[in-house]
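Visitor: Got a sequence here, can you model it:
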Amino acid sequence: MGKVFAEIDQKLQAWIEQQPVWFVATAPLSAQGNINLSPRGHDTLSVLGPHRVAWVDYSGSGVETIAHLRENGRVCLMFNSFGARPRIVRLHGLGTVHLPGDPVFDEVTALHPEHPSTRAVIDVEVHRISDSCGWGVPVMEFVGERDLLRQHAEKRGAQGMEAYRATKNAVSIDGLPGLPVSR
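Guide: Alright, predicted model coming up:
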C-alpha cells in the first residue's frame, strides 16, 4: 500500500497544506537521550520546493526540536488525514534552525501571519517522501485553531517572551543547547 515519492509534487503539496495538524519527531544522538514528538498546527508550514519544507516555530514549554536539530539535524514530519479518506505521509530529512535576522527566517515568516510567539524557522531538506494507508487513524472533524498561544505571548509582551525563552528554551531536557540567550 505504501509508496515512496521522488518529490513533493503539486498534488502532494496541496494535500499536505490541507492538514490542520502534523507532527515533528527528532532525537538526540545519545541512546540515553529522549526522543521528542511534537504536534504542530496553525498557518506555519510552507512547501518551498520538491525537496524542501519549512515552518515557523513558536515558543513552547521546551526546546527539544531545536536542540536536536542543532545537534544532528535528523527530523521526520508526519501528516495524516483525519477525514473520510485515510492517508499518512512522512517527510524524512535534515533540518536547520534559523533565528530572527537570518534571511531564511525572513523568507519563511513573510509567508505566514505574524505571531508574537515566533522564535525560529525550521528549514528541512527532505530526502525521503513516503505514504502509508492510515486505516488505523480515526475519522475526526476539525473544529478550529486554538488562540491560547497568541494570548499567552501578547499577555507577556516582547520582553516577557524573551525572558520566558531564556528560562524555558535555553537547554533541552537532556542538557543540549537550545536557543541562545540574549544578553
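
Visitor: For burial, what's the neighbour tally of residue 61?
Guide: Residues lying near residue 61 (other C-beta atoms under 10 Å) number 8. C-beta here means a position set from N, CA and C on the backbone, and glycine is covered the same way.

Visitor: cool, and residue 158?
Guide: Neighbours of residue 158 (other C-beta under 10 Å): 10.

Visitor: what secondary structure does the nearest residue to it once chain neighbours are set aside sit in?
Guide: Leaving aside its chain neighbours, residue 158 sits nearest to residue 116 (7.4 Å; criterion: C-beta to C-beta, 6 or more residues apart in numbering). Classification of residue 116 by DSSP: H, G, I helix; E, B strand; the rest coil places it in coil.

Visitor: shouldn't residue 116 be in contact with residue 154?
Guide: Yes: the pair residue 116 and residue 154 qualifies as a contact (C-beta atoms under 8 Å) at a distance of 5.5 Å.

Visitor: Quick one: the helices in the protein, in order.
Guide: Shown for the chain, the helices assigned by DSSP state H span residues 10-18, 64-71, 103-109, 148-168.

Visitor: Mind listing what's buried along the shortest one?
Guide: Taking 16 or more other C-beta atoms under 10 Å as the neighbour-count basis, helix 103-109 is seen to contain the buried residues 104-105, 108-109.

Visitor: what's the closest of the residues you listed to residue 29?
Guide: Set against residue 29, the nearest of the buried residues of helix 103-109 by C-beta to C-beta is residue 104 (24.2 Å).

Visitor: my guess is residue 67 contacts residue 30, does it?
Guide: No: at 11.7 Å, residue 67 and residue 30 do not qualify as touching, with contact defined as C-beta under 8 Å.

Visitor: can you list residues touching both of the two?
Guide: Here residue 67 and residue 30 have residue 174 as joint contacts, going by C-beta atoms under 8 Å, 6 or more residues apart in numbering.

Visitor: who has more neighbours, these two?
Guide: Each of residue 67 and residue 30 has its neighbours counted (other C-beta under 10 Å); residue 67 has more, 26 against 11.

Visitor: show me the contacts for that one.
Guide: With C-beta under 8 Å, 6+ apart, residue 67 has these contacts: 28, 171-172, 174, 176-178.

Visitor: 6 Å instead, please
Guide: Each residue near residue 67 by C-beta atoms under 6 Å, 6 or more residues apart in numbering is listed here: 172, 176, 178.

Visitor: which residues in the chain form strands?
Guide: 3-5, 22-26, 36-40, 45-49, 52-58, 74-80, 88-98, 118-132 (DSSP state E).
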